[in-house]
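Colleague: Sharing a sequence plus its predicted fold:
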Amino acid sequence: MITFPAITLCMIVKDEANCIQDCLESVKGIVSEIIIVDTGSTDQTSEICENYGAKVHSYKWNNNFADARNYGLSFSTGDWILWLDADEELDATNKAKIPEFLANTNAYLLSLPVLNYYGKSTPVDKNNAYLIYQLRLFRNHINITFQNHIHETLFLPTEVMEKDIENIPVPIHHYGYLQEVTEAKQKGQRNLQLLQHELSKPAHSPWIEYHLASEFYRQEKYLQAFHLVNQSILLFLQESQKPPSLLYKLKYAILIETNNLEGAWPSIEKAILLYPDYVDLHFYMGYILYELGKYTAALQAFEKCLELGDYHTKYLVLKGAGSFRAWRYKGLCLEKLGMVDEAHEAYQCEKNAKIS
């Protein structure tokens, strides 16, 4: 008889009464322990958590997400840690297989696909999402902790190497970027304050400029965002590091939003040379070429998107960039090139890709 490892859910919360129940329902039957770090709720969050058997620990907020998460880890007794936010839900598909998977893996960390939905409010359009694989399950008691005041990430001991990481296909649905959520919780203002404080530190990471650029981008302050993302790229280069793919994705998203297509072409080709398998960069290039009237070249870019597909574990990917969105633009290119029958076939493929 297989003995399944115990899983502890660790969360930090504040005034999450409108969503915490859905989150906790999504992990029912999977986790054996729930540790909640409450940083100052004034609603029914703690009571709802306790109704699910959670151990709730009050914590004085010190503007440091990593500290709060590490405080929760100090109370965790399970063999594995699952960490979520209150505005996230574990997908019902295959989640029941997680304990069996943990019982049979030699990995130290597991990466799960996180679907970040965008739009105004719920119910969401499931096609409007960005997908990224994140380390959300890790073995307890091996000194894995969180680091960074904001946009916290896992700090791994030197003995935990990349070979100890596996991917499992159990999605996490994240609703925290919906407009109604960010406005209600004033996330943008909070994040800007924390990031600007980090920016003032002389030895800060170039990631701070990127995260600031992302916040300004979400607020449609494109000039500030573009300046900061370019600064982040430069700082990574000055540290003799290859700038992460996220920076180039954001840079060209800004140029597209501001309709600065001449500024985006042909420089995007250099970004693609750095990340030739990043489907979103090829999709952006196809869009830019299409808008510039270069339909044959755009068609080739969208065909490359379809070749790369939607499944990627190391990039932040717009859902459909390698499937239905690429088919749509392939059809538009074919129409412009006078290939009407082929265009209709592409549109049918778009519909089929959305259904699947």
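Modeller: That came in fine, so what should we check first?

Colleague: which residues touch stretch 167-181?
Modeller: Residues outside stretch 167-181 that contact it (C-beta atoms under 8 Å, 6 or more residues apart in numbering): 19, 84-85, 87-91, 93-95, 97-98, 101, 110-122, 124, 133-134, 136-137, 182, 187, 218, 313. All C-beta spots, glycine's among them, are computed from the backbone N, C-alpha and C.

Colleague: again with stretch 65-76
Modeller: Where contact means C-beta under 8 Å, 6+ apart, the residues beyond stretch 65-76 that reach it are 8, 10-12, 33, 35-37, 39, 55, 57, 59, 61-62, 81, 83, 140, 145-152.

Colleague: circling back to that earlier point, are any of the contacts of stretch 167-181 buried, and if so which?
Modeller: 19, 84-85, 87-90, 95, 98, 101, 110-117, 124, 133, 136-137, 182, 187, 218 (16 or more other C-beta atoms under 10 Å).

Colleague: What residues of stretch 207-214 count as buried?
Modeller: Going by neighbour count (16+ other C-beta under 10 Å), the buried part of stretch 207-214 is 207, 208, 209, 210, 211, 212, 213, 214.

Colleague: quick revisit: among the contacts of stretch 167-181, name the ones in helices.
Modeller: Applying DSSP state H to the contacts of stretch 167-181, the entries found in helices are 98, 101, 182, 187, 218.

Colleague: Widest-spaced pair of those?
Modeller: Pairwise distances across these (C-beta to C-beta) peak at 34.7 Å, for the pair 101 and 218.

Colleague: Nearest spatial neighbour of residue 346, chain-adjacent residues omitted?
Modeller: residue 331 (3.5 Å; C-beta to C-beta, 6 or more residues apart in numbering).

Colleague: Extract the residue ranges of the stretch 101-250 of the chain that are flagged as low pLDDT.
Modeller: Where the stretch 101-250 of the chain drops to pLDDT under 70, the residues are 162.

Colleague: can you pull out the strands in the stretch 251-356 of the chain?
Modeller: With DSSP state E, counting those that start in this stretch, the ranges of strands along the stretch 251-356 of the chain come out as 317-318.

Colleague: for it, what are the low-confidence residue spans?
Modeller: 356.

Colleague: Please repeat the previous calculation with a cut-off of 90.
Modeller: 355-356 (pLDDT under 90).

Colleague: most centrally placed residue in this structure?
Modeller: The residue lying closest to the centre of the chain (C-alpha atoms, centre = their mean) is residue 132, at 4.5 Å.

Colleague: which ones are touching that one?
Modeller: The contact partners of residue 132, by C-beta under 8 Å, 6+ apart, come to 113, 114, 116, 315, 316, 317.

Colleague: swap in residue 244?
Modeller: Contacts of residue 244 by C-beta under 8 Å, 6+ apart are 210, 236.

Colleague: would you turn the ones in helices among the contacts of stretch 167-181 into TSV with distance to residue 264?
Modeller: Compiled in TSV, the ones in helices among the contacts of stretch 167-181 are given as follows (distance: C-beta to C-beta, whole Å):
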residue	distance to residue 264
98	42
101	42
182	27
187	29
218	20
